[in-house]
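In: Sequence plus predicted model, see below.
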Amino acid sequence: MKKKRAKWDVGILNCFPEGARDTVKAICERDNLNLRFCSSIMTNYCTGLWSYHNIYIDIGLDRFTFLIIFAHELAHYEMYKKYRRRETKTHPKCHGKEFQNMFETLIEPFLTEEIYPPDVLVEVKKWIKRGDLGWEGYPFIRIAMYCDYRKLEDLPDGTHFKTRGCGYIKVRYDEASGKYLCYADYGWVLYDPNEKVVVL
C-alpha cells in the first residue's frame, strides 16, 4: 500500500531555521508525520502537542524555539513507537531520563552553526545539558536579538512573523484590499503594508 504524503499547514516549514527545513521535511515524510499549527486555545496550555502522526506547534514561536519544540514532540512520538507494543509493568516517565536521551539524540543533528548563530548555539547546548527540559535557563533573550522589527511590505512572501501577540505567515498581496493576506493558526487575516512586525 502506498504511503500517504505528509500534509503541511500553509508555510509551516518557513517557521524553522532555513538550514533545518530539508531535514525536518525528510523526517516527516519518512514517518508520515503531519505538521500543524496549534490553535489559540492549545497555546494557552503548551507550546507543542503530539498525537498519532500529528505534531502541533505554536505559530508564535521564534524559529529556533520552533525547532526545539519539534524535536521535543518528535521524541514523544519515537517513545510511543518504541514502547507501544511492549508488555511491561513499567513504562518510562513522560519526561524522564529515557525521554531526555531520546530528545538529545533527535536534536543533536540540528545543533550546528549552519542552523543556530554561534552565541545562541552555546546557550542552547548548555540548556539541553541541564537535562530538566524546563524553560528556566533557555536563552530567550539572546534569541530575541535575532528577531527584528520590520514593515510588513519589506518582507518577502513566506516570512514568519509576530504582531499583536500572534504568529503569522505572510502569504501574498491582495490587490482588492491593498493589504497583505497572512495565515494564522485560526485562519486568514489582512494586514496593512505599513504594519510593524517582529520577524521570527
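Out: Right, received. Where do you want to start? Numbers count the residues shown, from 1 in each chain.
In: middle-most residue in the chain, spatially?
Out: By C-alpha atoms, centre = their mean, the chain has its centre lying nearest to residue 66, at 2.6 Å.
In: Disregarding residues adjacent in the polypeptide, which is nearest to that one?
Out: Nearest in space to residue 66, with sequence neighbours left out and distances taken as C-beta to C-beta, 6 or more residues apart in numbering, is residue 15 at 4.8 Å. Every C-beta, even on glycine, is put in place using the N, C-alpha and C of the backbone.
In: Quickly list the domain ranges of the chain.
Out: 12-144, 149-199 (automatic domain parsing).
In: longest strand anywhere in the protein?
Out: strand 166-174 (DSSP state E).
In: Touching that strand from outside, list them.
Out: 10-12, 14-15, 37, 40, 58-61, 152, 155-162, 179-185, 188-191, 193, 197, 200 (C-beta atoms under 8 Å, 6 or more residues apart in numbering).
In: For it, list every residue counted as buried.
Out: 166, 167, 168, 169, 170, 171 (16 or more other C-beta atoms under 10 Å).
In: so how far is whatever helix or strand comes next after it off the chain centroid?
Out: Sequence-wise, the next helix or strand downstream of strand 166-174 (DSSP states H and E) is strand 179-184. From the chain centre to the centre of strand 179-184 is a distance of 20 Å (C-alpha atoms, centre = their mean, to the nearest Å).
In: tell me what strand 179-184 is packed against?
Out: Applying 3 or more C-beta pairs under 8 Å, 6 or more residues apart in numbering; DSSP states H and E, one finds that strand 179-184 contacts strand 166-174, strand 187-191.
In: so for the shortest one, what's the average pLDDT?
Out: Taken as a whole, strand 187-191 has an average pLDDT of 94.
In: what's the angle from that strand to strand 166-174?
Out: For strand 187-191 against strand 166-174, the angle by axes from the mean of the first three to the mean of the last three C-alpha atoms, to 10 degrees is 70 degrees.
In: Partner strands of strand 187-191, with direction?
Out: Strands adjacent to strand 187-191 in the sheet, as given by DSSP bridges, are strand 179-184 (antiparallel).
In: Lowest mean pLDDT among the helices and strands of the chain, which one is it?
Out: helix 40-43 (a mean of 47; mean pLDDT, DSSP states H and E).
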